[in-house]
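Trainee: Give me the fold of what follows.
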Amino acid sequence: MSAPVAPRWHLGGLPRDRLDHGRPTAPGDRGSGTVLMMSVITITAMSAFLAACLMAWFGAMHQARTAADLAAVAAAQAYDAGLDACAAADATAAANHTAVSACAVRTNGFEFVVRVTVSIETKPRLPFGPAQFTHASEAGYVG
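Mentor: Prediction:
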């Protein structure tokens, strides 16, 4: 008669094939937790990257709006002082890290309105995202 073979016991007194809440695990399930966790980590990282891109794009959009407002006010003040309005708008936009894409002064001799359009390139620049943001703003004297 041969000696009896003792079962392979694991921590807690359960056999190794009964560690999944008393249900036997299939041999093909080995490593599935690793794949699941890698999928969760990848989705979390992609979501974080997309959130960071959206925050950067919203920041650039706000910067374009602010720069357009400031450039329009500076251009109106320069025009009222008898200086070149578009040069003042260019200088103000450059100080705010944007570029003037259009500048126009409308006047009837007494009243005037300066319209300034600025643009800023987006960073990060992705194939599915916007390439630039533009915003137009007006300032002047209307009596």
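Trainee: residue ranges with poor pLDDT in this structure?
Mentor: Applying pLDDT under 70 to the chain picks out residues 1-29.
Trainee: Apart from its chain neighbours, what residue comes closest to M61?
Mentor: Leaving out its chain neighbours, the residue that sits closest to M61 by Cβ to Cβ, 6 or more residues apart in numbering is F133, at 4.8 Å. From N, CA and C alone the C-beta is placed, and that goes for glycine too.
Trainee: Could you grab the helix/strand/coil label for the one you found?
Mentor: strand (DSSP: H, G, I helix; E, B strand; the rest coil).
Trainee: wait, what's in contact with it?
Mentor: 57, 60-61, 64, 119-120, 122 (Cβ atoms under 8 Å, 6 or more residues apart in numbering).
Trainee: for the chain, longest helix please?
Mentor: If you go by DSSP state H, the chain has its longest helix at helix 32-80.
Trainee: list the buried ones in the next helix or strand after it?
Mentor: The first helix or strand that comes after helix 32-80 along the chain, using DSSP states H and E, is helix 85-95. Within helix 85-95, the residues scored as buried using 16 or more other Cβ atoms under 10 Å are 85-86, 88-93.
Trainee: now A45: how far from A52?
Mentor: Distance from A45 to A52, counting by Cβ to Cβ, to the nearest Å: 11 Å.
Trainee: Let me know the closest of the contacts of F133 to G109.
Mentor: S119 (31.3 Å; Cβ to Cβ).
Trainee: Helix or strand: which one has that closest one?
Mentor: Per DSSP H and E: strand 112-121 holds S119.
Trainee: C-alpha coordinates for that strand, PDB please?
Mentor: What follows is strand 112-121, C-alpha atoms only, in PDB (Å, rounded to 0.1, in the frame of the first residue of the first chain):
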ATOM      1  CA  PHE A 112     -15.400 106.000 -32.500                       C
ATOM      2  CA  VAL A 113     -15.300 102.300 -31.900                       C
ATOM      3  CA  VAL A 114     -12.200 100.100 -32.100                       C
ATOM      4  CA  ARG A 115     -12.700  96.400 -32.800                       C
ATOM      5  CA  VAL A 116      -9.800  94.200 -32.000                       C
ATOM      6  CA  THR A 117      -9.600  90.400 -32.700                       C
ATOM      7  CA  VAL A 118      -6.800  88.400 -31.000                       C
ATOM      8  CA  SER A 119      -5.800  84.800 -31.400                       C
ATOM      9  CA  ILE A 120      -3.800  82.400 -29.300                       C
ATOM     10  CA  GLU A 121      -2.500  78.900 -30.200                       C
END
